[in-house]
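> Whatever this is, show me its structure:
(chains A and B)
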Amino acid sequence: MTMHGASGGPTSSALYDAATDAFRRWRAGDDSALDELVRMMSPVLWHVVRATGLDREAAEDVVQNSWLTLVRSGDSVRDPQAITRWLCTAARREAWRVSKAATRTRPVEDDVIDARLPAQSSPEGQVVEDDQKAALWRALGRLPERCQKLLRIVAWEPRPDYSSVAEGLDMPIGSIGPTRRRCLDKLRVELGGAS
Amino acid sequence: MTPTDEELLQSVAELYAEIDPAPDDLPDGVLARLAVEGLEIEYELLTLVERVDVNAGTRGPVDTGTTGTVGLEFAGSEYRVLVRISSDDGGRRVDGWVVPAVPMRVFLGPEGDAVAAQAPQTAYSDYDGRFEFSAPMSGEVRLWLLPQGSGEGQVAPLVTPPFRV
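Have a look, this model is predicted:
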C-alpha cells in the first residue's frame, strides 16, 4: 500500500514538522524557506482544493491565492505548528467560495461526474490499473458524493478545521465526525463486497 | 483483514495522488505569482518601441471601444513582446508573441503593483511564443511575463508598461 507520490504520505507527521520548520525560518527572515514551504505544501493544498469539486484550472488559482494570503498576513499565524492547518483552511474556504459562485452558472452534473470518474481522457486516469486501487476507486464511486468529498478532505488533512468543512458541505458542524465514521464504514463495506 | 481508518485514508490519499496529481509546475506557478507580487524577484520593465493602429472606423488616439486592431511592440534586453489587441462588436481579444519564443506564464492585470491582489488573468505562451487572452479585462493593464522552468534568477521576469485594452 505504500507508494511514491504521496511524498511521505499526507498523514505523515514528518511533512507537518518540515512545514513548521520552514515556516519558522521564513518568519525569521530566510526567504528561501518560503520556497521550500511552497514546494512542500502546494501538492497537499491541491488535493484540499480539488476535494471541493473545483476544476483543475480554478484549483490552481485558488492554491496560488492561498499563498498570497499567507504572504500578506503571515503575521496572523501565531503558532508555527498551526501553519499546515492554517493553509489548508484558507485554501478550503476560498475553494468553497469560488466553487459556489461557479455552480450557480454551471450545471451540477459536471461536478458530480468530475468527482466520480477518473480523468478518462488523461493519462493519469489510466494509471488506475492496479487491482487494489481500481477496487478502491470503484468503491469510492459508489459512495454518496458528500462522502467522497469528505473522505478526500480528511485523507489529505487528518484533522481539518471542521467549521470550514461543515460550511462547504452544508452540514452541521457536529455531524462531520459521525459522517466521517459512517463514510469510512460504507467504504469498508463496499471494498469488502468488491473483493 | 480489515483496514484501519488510517490505512484506508492513506490509500484514499494515494489513490487521489495518482489519478489527480497536482500539476508538476504548481509550486513554480505559486512562486511566479508571489514574484509578480513583487515580493521576491525584480522584473525588467520593457519599453514600448512601436505602436500601429489599424482602425476600421476612426483615426487618431485609439479607443478600441469600437472596431479595430492595435499592435504594440515592447522590447527589453533579451526579449521582444508583440501584442495585438483586436475588437469588434462582439468583444475583444489580446494575442501576443514572445520573441525569442520561450514558454512563459503570462499575467494580464490592472495597472499597479499589487497585480496579484486584483486577480490577474493567466495564460501561457507556447513553444512558438504565442499566447492569448480571449476575454481580456479592459482598461489600463499590464502584462507580466515569467519564464517557465528556468532556474532561479536565470531570466528576469518581464513587465510591460501600462497600455489600454
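
> Point out the other helices and strands that whichever strand or helix holds residue A:100 packs with.
Here residue A:100 sits within helix A:83-103, counting by DSSP states H and E. Here helix A:83-103 touches helix A:13-27, helix A:31-50, helix A:56-73, helix A:162-169, going by 3 or more Cβ pairs under 8 Å, 6 or more residues apart in numbering or on different chains; DSSP states H and E. In this view, the C-beta of every residue, glycine as well, is placed from N, C-alpha and C.

> what comes up buried for stretch A:85-104?
Using 16 or more other Cβ atoms under 10 Å in any protein chain shown as the burial criterion, the residues of stretch A:85-104 that qualify are A:85-96, A:98-99.

> For those residues, give me JSON lines that also has pLDDT.
Output for those, formatted as JSON lines (pLDDT from 0 to 100):
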{"residue": "A:85", "pLDDT": "89"}
{"residue": "A:86", "pLDDT": "91"}
{"residue": "A:87", "pLDDT": "92"}
{"residue": "A:88", "pLDDT": "92"}
{"residue": "A:89", "pLDDT": "91"}
{"residue": "A:90", "pLDDT": "91"}
{"residue": "A:91", "pLDDT": "93"}
{"residue": "A:92", "pLDDT": "92"}
{"residue": "A:93", "pLDDT": "91"}
{"residue": "A:94", "pLDDT": "91"}
{"residue": "A:95", "pLDDT": "92"}
{"residue": "A:96", "pLDDT": "89"}
{"residue": "A:98", "pLDDT": "88"}
{"residue": "A:99", "pLDDT": "82"}
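
> most packed of the helices and strands packed on helix A:83-103?
When those are scored by mean count of other Cβ atoms under 10 Å in any protein chain shown, the highest mean neighbour count falls to helix A:31-50 (a mean of 22).

> close to chain A, is the helix or strand where residue B:6 lies?
Using DSSP H and E, residue B:6 sits within helix B:5-19. Yes. Contact of helix B:5-19 with chain A (Cβ under 8 Å from any Cβ of the partner chain) involves B:5-19.

> Residues contacting stretch A:184-195, please?
A:135-136, A:138-140, A:142-143, A:147, A:151, B:2-3, B:5, B:8-9, B:12 (Cβ atoms under 8 Å, 6 or more residues apart in numbering or on different chains).

> now, which of those residues lie within helices?
When DSSP state H is applied, these are split such that A:135, A:136, A:138, A:139, A:140, A:147, A:151, B:5, B:8, B:9, B:12 fall in helices.

> Among the contacts of stretch A:184-195, find the lowest-pLDDT one for me.
Across the contacts of stretch A:184-195, the bottom pLDDT score, 80, is held by residue B:2.

> For that residue, give its distance to residue B:26.
In this structure, residue B:2 and residue B:26 are 35 Å apart, going by Cβ to Cβ, to the nearest Å.

> again, but for residue A:43
Noted for residue A:43: a distance of 7 Å to residue B:26, by Cβ to Cβ.

> what's the answer for residue A:164, then?
21 Å.

> what helix or strand is residue B:93 on?
Element membership of residue B:93 [criterion: DSSP H and E] is strand B:92-99.

> hmm, who's touching that strand?
B:64, B:79-87, B:104, B:106, B:108, B:125, B:128-136, B:138, B:143, B:145, B:165.

> give me the beta-bridge partners of residue B:70?
Beta-bridge partners of residue B:70, counted by DSSP bridges, are residue B:53, residue B:85.
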